[in-house]
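[1] the following block contains a protein sequence and its predicted model.
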Amino acid sequence: KDLHQRCYSNKNTELLSTKCKVSKVKVLLIVNGSLYPAKAKSRRQRWEVKPSEMSNNTLNPIRAIVDGMKLTPNPDKPMIALSIGDPTVFGNLPTDDAVLQAMKDAIDSQKYNGYAPSVGYLKSRQVVANFFSCPEASLEAEDVILTSGCSQAIDLAISVLCNPGDNILVPCPGFSLYKTLAVSMGIKVKLYNLLPEKSWEVDLQHMESLIDERTSCLIVTNPSNPCGSVFSKEHLQKILKVASKHCVPILADEIYSDMVFPGCSCPSMASLSSDVPILSCGGLAKRWLVPGWRMGWILIHDRNDIFGYDIRQGLVKLSQRILGACSIVQGALESILNNTPQCFYNNTISFLKSNSEICFNELSTVPGLNPVMPSGAMYLMVGIDMDHFPDFKNDVDFTEQLVTEQSVFCLPASAFEYPNFFRIVVTVPEEMMVEACGRIREFCQCHYRPRSRDSNDLDQ
């Protein structure tokens, strides 16, 4: 083949240069009998370190909105933040003593100081499986993957189901993390509408119209962040019917499961599904009021083996990227799930319902505002009739000025892709909620303007 070879060798190393007819030279090193490509001389003349495409494509819509706002509170009024979805912020919603004792016991045992398996300890996974099993949707340890919070569970679920160029269906308004994760992976987000006039039920016709051959996942959040809505059994069955018709798996974000006000029920999606495979994401954060402990899980519901081995194995592989969830919390899981008294849950729900009613009743009588009473979770959405507030361009402008004048910060719903609403977190102490509603009323009374048509009606 008309090859010319020159070899240079010393005791342990040979440099092999092979020249062929096309005048290309391939330089190889032979080290202790093994062949390695020789390092080519770098052509870089100066430092140039750029961020990756993934980092450039990663955007948190909430941060994008809030970081651009000019938030200067009124110095004469103490700040009331109704924007943070962390129930521990004000100290009025501590977790139960049994939860704390479980963690202390896990630490004192010194059994959980090392690495756990990336998917979680087998015993801890079985505890979660037992806790969430029901006759309609039974679970075993192999159906559970423990994660670093519910956010990592959502990350793994999207990652295992979707490829770049695929699309996912996401509720609007909806939790901003779905878009943050998907877009960073090159996945298109399609927003399906929720209907405020129907207590934020899904616009099923709109949802179905978005499905195409590249739709790889339907995300359903129930109970809802940011809406506080809870879907009925009948409505969940209608959603499942759409997913079944088009063979689209569901990612069920059920982090607020069982945080439902009296009079409402919230069955898991898996308990109602006869064929649609479901990855249910949950965790300790909200129901047990310990979001900083970062313990979540994925429950794999696949009664017809549609996911099969590959999806399960894919989740295992993806979980190995961070070497598992906190081992100490895993060690405490059995006691947390089995020994937390029911009165703790009941007291939390009672408080959230009471605060929601205070907020709803107060703001329902404020001209220009249209609150939607929640049925669970920790949030309440309020519509702004912008025609009555000509001083403001949009919900971002409205909430920004509310901080300036009244030192009350509500998150503009543009952060959830839903303009002219704002979200209130109802975990603040009751007296703070009453004070905040009073300030919002004062602010609206100052800026409210009747429509010209309304003025004519009054004149008549």
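    It's in.
[2] going by C-alpha atoms from here, please, whenever you check contacts or count neighbours.
    OK.
[3] which SS state does residue 192 fall under?
    Classification of residue 192 using DSSP: H, G, I helix; E, B strand; the rest coil returns strand.
[4] hmm, residue 203 and it touching each other?
    Yes: between residue 192 and residue 203 there is a contact under CA atoms under 8 Å: 7.1 Å.
[5] report the residue ranges of every domain in this structure.
    4-37, 61-85+343-459, 97-339 (automatic domain parsing).
[6] what's the closest of those to residue 53?
    Nearest to residue 53 among the domains of the chain is domain 97-339 (8.1 Å), distances taken as CA to CA.
[7] pairing partners for the helix or strand hosting residue 217, with directions?
    For residue 217, the host element (DSSP states H and E) is strand 215-221. Applying DSSP bridges, strand 215-221 is found paired with strand 167-172 (parallel), strand 250-253 (parallel).
[8] before we move on, the earlier item: tell me which of residue 192 and residue 203 has more neighbours.
    A count of neighbours by other CA atoms under 10 Å puts residue 192 above the other of residue 192 and residue 203, at 23 against 15.
[9] ok, that one - contacts?
    169-172, 202-203, 206-207, 210 (CA atoms under 8 Å, 6 or more residues apart in numbering).
[10] just the buried ones from those residues?
    Among the contacts of residue 192, those buried by neighbour count (16 or more other CA atoms under 10 Å) are 169-172, 202, 207.
[11] biggest helix in this protein by residues?
    Criterion DSSP state H: the longest helix present in the chain is helix 342-364.
[12] report all helices and strands that that one contacts.
    Helix 342-364 sits against strand 369-372, strand 379-384, helix 430-447, with contacts defined as 3 or more CA pairs under 8 Å, 6 or more residues apart in numbering; DSSP states H and E.
[13] mind checking these for the one nearest to residue 336?
    Of all the helices and strands packed on helix 342-364, strand 379-384 comes closest under CA to CA, at 25.1 Å.
[14] just the angle between whichever helix or strand comes after that closest one and strand 379-384, please?
    Later in the chain than strand 379-384, the nearest helix or strand by DSSP H and E is helix 395-406. Using axes from the mean of the first three to the mean of the last three CA atoms, to 10 degrees, the inter-axis angle of helix 395-406 relative to strand 379-384 is 100 degrees.
[15] determine the set of other helices and strands touching helix 395-406.
    Using 3+ CA pairs under 8 Å, 6+ apart: helix 395-406 touches strand 408-409, strand 411-412, strand 421-425, helix 430-447.
[16] can you give me the pLDDT of the residue nearest to residue 297 when sequence neighbours are not counted?
    Closest residue in space to residue 297, ignoring its immediate chain neighbours: residue 146 at 4.3 Å, by CA to CA, 6 or more residues apart in numbering. With respect to pLDDT, residue 146 has a value of 99.
[17] contacting residues around residue 74?
    403-407.
[18] for PyMOL, what selects the buried ones among these?
    Buried members of those, defined by 16+ other CA under 10 Å, are picked up in PyMOL with:
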select buried, resi 403+404+405+406+407
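[19] out of the contacts of residue 74, which is nearest to residue 332?
    With CA to CA as the yardstick, the closest approach to residue 332 among the contacts of residue 74 comes from residue 407, at 40.2 Å.
[20] pretty sure that closest one contacts residue 78?
    Yes: under the criterion of CA under 8 Å, residue 407 lies in contact with residue 78, with a separation of 6.5 Å.
[21] mind checking what helix or strand follows the strand holding residue 217 in sequence?
    Toward the C-terminus from strand 215-221 - assigned by DSSP H and E - lies helix 233-245.
[22] now find how far off-centre that following helix is within its chain.
    Centroid separation between helix 233-245 and its chain, computed with CA atoms, centre = their mean, to the nearest Å, is 22 Å.
[23] ok, now stretch 225-237?
    The answer for stretch 225-237 is 16 Å, by CA atoms, centre = their mean.
[24] any idea how far apart the tips of it sit?
    20 Å (CA to CA, to the nearest Å).
[25] mind listing what the most centrally placed residue in the chain touches?
    Note on the chain: the residue nearest the mean C-alpha position is residue 177, at 4.7 Å, using CA atoms, centre = their mean. Counting by CA under 8 Å, 6+ apart, residue 177 makes contact with 60, 151.
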